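> have a look; sequence and predicted model below, questions after that.
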Amino acid sequence: MTERNPPALIHVVEDDADHLAALCDLLQARGFRARGYASGEAALAGEAAPDLVLTDLRMPGLDGFAVLEALRTRQPDLPVIVLTGHGDVPHAVRAMRMGAEDFIEKPYDAAHLLAVIDRALRAGRARAEISRLQAEVSRQDGGEILGQSAGIAALRARIDALAPLDLNLVITGETGTGKELAARAIHDASPRARGPFLAINCAALPESLFEHEIFGHVADAFPGAQDKPGKLETASGGTLVLDEIEAMPAALQPKLLRALEERRITRLGENAARPLDLRVIALAKTDLRAL
């Protein structure tokens, strides 16, 4: 018997309860799985990874632009369609420039909406397949761990065993032994392979810019500031590598530890915490237990 892929999961973000229910009913009648969220905050806190997101632009709290920005950081290949009210087309154009797949102006025709969704799903699947193939080519072009010795074979077996498990890891070894290469191999063989792979050199983190670089900031957090996601937020959905973890200044460690334990960060200049979904791999040149 041939297994069939489950219907696409579509997240709908809409603060109007009646419109939200009607959209979910329409999508389910079309054969999709639909999950509704009444706010941008609730949508970003959702655990299931969608195949497509349909979001309104004008919402209290996190608006459609903020939702789009966060989703593009987490899942670069995820298609996002924005719904706009009459007269909001310039905002929709801005959303397209930010990476939205398409926009639908209210009131809309249901058949047109479904056609746009079908097209966006096809485009999203094509991008995901291209990313997968590019990653495969990258591994074949030197990212693969080479060698046939017993030690290398044992290392590959350990990586294959650990990669599917969403566990935080510590890799130790002298400089030049390939710690980051092993971390990359774990990421590439894990369910997070399509997500970002971001390495931070802990020894080079300037204390004065630590919070800006790690947590990011929002527009107007200080004069001239624009929205800027931090390193942790950028790595969400993938793997964060903390290189030379033993060299991180002691004063910075509690701030980073709390974010990693709670899997939430707050950008400078805002009060709402942003969820993090990432795997942490720490690299060290020395035995951390001995230190």
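That came through fine. Residues are numbered from 1 along each chain as shown.
> helices of the stretch 101-250 of the chain, start to end?
110-138, 150-162, 179-188, 210-215, 231-235 (DSSP state H, counting those that start in this stretch).
> how many neighbouring residues does the residue nearest to D277 when sequence neighbours are not counted have?
Take D277 and drop its neighbours on the chain: the residue closest to it by CB to CB, 6 or more residues apart in numbering is S236, 5.3 Å away. Where you see a C-beta, it was placed from the backbone N, CA and C, and this is true even at glycine. For S236, the count of nearby residues is 23 (other CB atoms under 10 Å).
> just use 59 as the starting number from now, easier for me
In the new numbering, first residue 59, that becomes S294.
> from E127, how far out is S294?
12 Å (CB to CB, to the nearest Å).
> ok, D285 next?
Counting by CB to CB - D285 and E127 are separated by 7 Å.
> residues contacting D160?
I139, V140, M154, V174, R177, A178 (CB atoms under 8 Å, 6 or more residues apart in numbering).
> of these - the most surrounded one?
Going by other CB under 10 Å, V140 tops the contacts of D160 with 27 neighbours.
> shouldn't that residue be within a helix?
No: using DSSP: H, G, I helix; E, B strand; the rest coil, the secondary structure at V140 is strand, not a helix.
> any idea of the pLDDT on H144?
Looking at H144, its pLDDT stands at 64.
> the residue nearest to D335 contacts L334, correct?
Yes: counting by CB atoms under 8 Å, S294 touches L334, with 5.0 Å between them.
> quick one, strands of this protein?
For the chain, the strands defined by DSSP state E cover 67-71, 91-95, 110-114, 138-142, 160-163, 227-230, 255-259, 274-275, 286-287, 297-301, 322-323, 332-333, 337-342.
> list the neighbouring strands of the fifth one plus their orientation.
For strand 160-163, the paired strands and their directions (DSSP bridges) read strand 138-142 (parallel).
> using PDB, write down the CA coordinates of the strand it pairs with.
This file holds the C-alpha atoms of strand 138-142, laid out as PDB (Å, rounded to 0.1, in the frame of the first residue of the first chain):
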ATOM      1  CA  VAL A 138       3.300  33.400   3.900                       C
ATOM      2  CA  ILE A 139       0.200  35.100   2.400                       C
ATOM      3  CA  VAL A 140      -1.000  38.300   3.900                       C
ATOM      4  CA  LEU A 141      -4.600  39.600   4.000                       C
ATOM      5  CA  THR A 142      -5.100  43.300   3.600                       C
END
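> and it with strand 67-71, angle?
30 degrees (axes from the mean of the first three to the mean of the last three CA atoms, to 10 degrees).
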